[in-house]
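> Sequence and predicted structure are below.
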Amino acid sequence: QKEVEQNSGPLSVPEGAIASLNCTYSDRVSQSFFWYRQYSGKSPELIMSIYSNGDKEDGRFTAQLNKASQYVSLLIRDSQPSDSATYLCAVNMKGGSQGNLIFGKGTKLSVKP
Amino acid sequence: DVKVTQSSRYLVKRTGEKVFLECVQDMDHENMFWYRQDPGLGLRLIYFSYDVKMKEKGDIPEGYSVSREKKERFSLILESASTNQTSMYLCASSFSDRGGYTFGSGTRLTVV
């Protein structure tokens, strides 16, 4: 069974702190990794994609990928109350009955003013 | 920007009704997907399609069918709506099998 695991949270951080969200996946040959942000009652929005080992930065967001450890993370620097949302990790795993992109169940982040 | 449009934001239907949920994307994407999302259960794939007139079952196809007559349109059909199909339904599309998905705004369906 191809799986993507995330801590459901809630993860609570104070405003201005770094929020660290983690994700592990089961398929060693996965090639594409994504982070989605989902506000309550809204649909998921793609915020980061990463394809190779290392770090990828976009504004306050940094995605980190370690394929050997089958681990991908999202760091949010200078967290703002507007970052409060559920963050979904998604991993491209070919084959099976789940299409190609397997989603974790998400980590709920709460940023306290 | 890719746009994925779902025809209704909120929908209330009666038990036993046949329900059509429409999804249209405007960027010539090959791949389209239907998910439902329920609290604590995450996103669950119902059906997906990699080309016109083709469809593949996802994790929870029972009680649903789909239609893809044109590349840009992927319809989800609830043959006989039941209360356990009350959920948020999300359509998504992608350009390639390596790419991320773009989601529509979702349809919150209530079956009474």
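Here it is on my side, so go on. Bear in mind the structure is a predicted one, so any value in this text is a computation, not a measurement.
> Kindly report the residues of chain A close to chain B.
For chain A, the contact set with chain B under CB under 8 Å from any CB of the partner chain comprises A:31-32, A:34, A:36, A:42-46, A:49, A:51, A:88, A:90, A:92, A:94, A:97-101, A:103-106. C-beta coordinates here come from the backbone N, C-alpha and C atoms, glycine included.
> Flag the shaky bits of the chain, pLDDT-wise.
Picking chain A for this. A:94-99 (pLDDT under 70).
> actually chain B
B:1-2, B:97.
> got the residue ranges for the helices in it?
Secondary structure of chain B (DSSP state H): no helices present.
> Name all residues that make contact with residue B:88.
Neighbouring residues of residue B:88 by CB atoms under 8 Å, 6 or more residues apart in numbering or on different chains: B:36, B:37, B:38, B:106, B:107, B:108, B:109.
> one more time with 6 Å, if that's ok
Listed by CB atoms under 6 Å, 6 or more residues apart in numbering or on different chains, the contact partners of residue B:88 are B:37, B:106, B:108.
> now do residue A:21
Applying CB under 6 Å, 6+ apart, we find residue A:21 in contact with A:74, A:87, A:107.
> Now go through those and say which are in strands.
Members of these lying in strands (criterion: DSSP state E): A:74, A:87, A:107.
> Among those, which one is most surrounded by other residues?
residue A:87 (25 neighbours; other CB atoms under 10 Å in any protein chain shown).
> Am I right that that one is in contact with residue A:107?
Yes: applying CB atoms under 6 Å, one finds residue A:87 in contact with residue A:107, separated by 5.2 Å.
> rewinding a little: any chance of the contacts of residue B:88 in TSV, with distance to residue B:69 and neighbour count too?
Below are the contacts of residue B:88 laid out as TSV (distance: CB to CB, whole Å; neighbours: other CB atoms under 10 Å in any protein chain shown):
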residue	distance to residue B:69	neighbour count
B:37	26	19
B:106	23	23
B:108	26	15
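> For those, could you give me JSON lines that also reports distance to chain A?
Listed next are these as JSON lines, based on distance: CB to the nearest CB, whole Å:
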{"residue": "B:37", "distance to chain A": "9"}
{"residue": "B:106", "distance to chain A": "5"}
{"residue": "B:108", "distance to chain A": "8"}
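> who in chain B is up against chain A?
Within chain B, the residues that sit near chain A (CB under 6 Å from any CB of the partner chain) are B:33, B:42-43, B:45, B:48, B:90, B:97-98, B:100-101, B:103, B:105-106.
> any idea which of these is the one closest to residue A:12?
Minimum distance to residue A:12 across the residues of chain B next to chain A is 20.9 Å, recorded for residue B:42 (CB to CB).
> what's the burial count for that closest one?
The tally of other residues near residue B:42 (other CB under 10 Å) stands at 18.
> Surely it touches residue A:105?
Yes: in this structure residue B:42 lies within contact range of residue A:105 using CB under 6 Å: 3.7 Å.
> which residues does residue A:54 contact?
Counted by CB under 6 Å, 6+ apart, residue A:54 has zero contacts.
> Specify the beta-bridge partners of it.
According to DSSP bridges, the partner residues bridging residue A:54 are residue A:65.
> Any figure for the gap between it and chain B?
18 Å (CB to the nearest CB, to the nearest Å).
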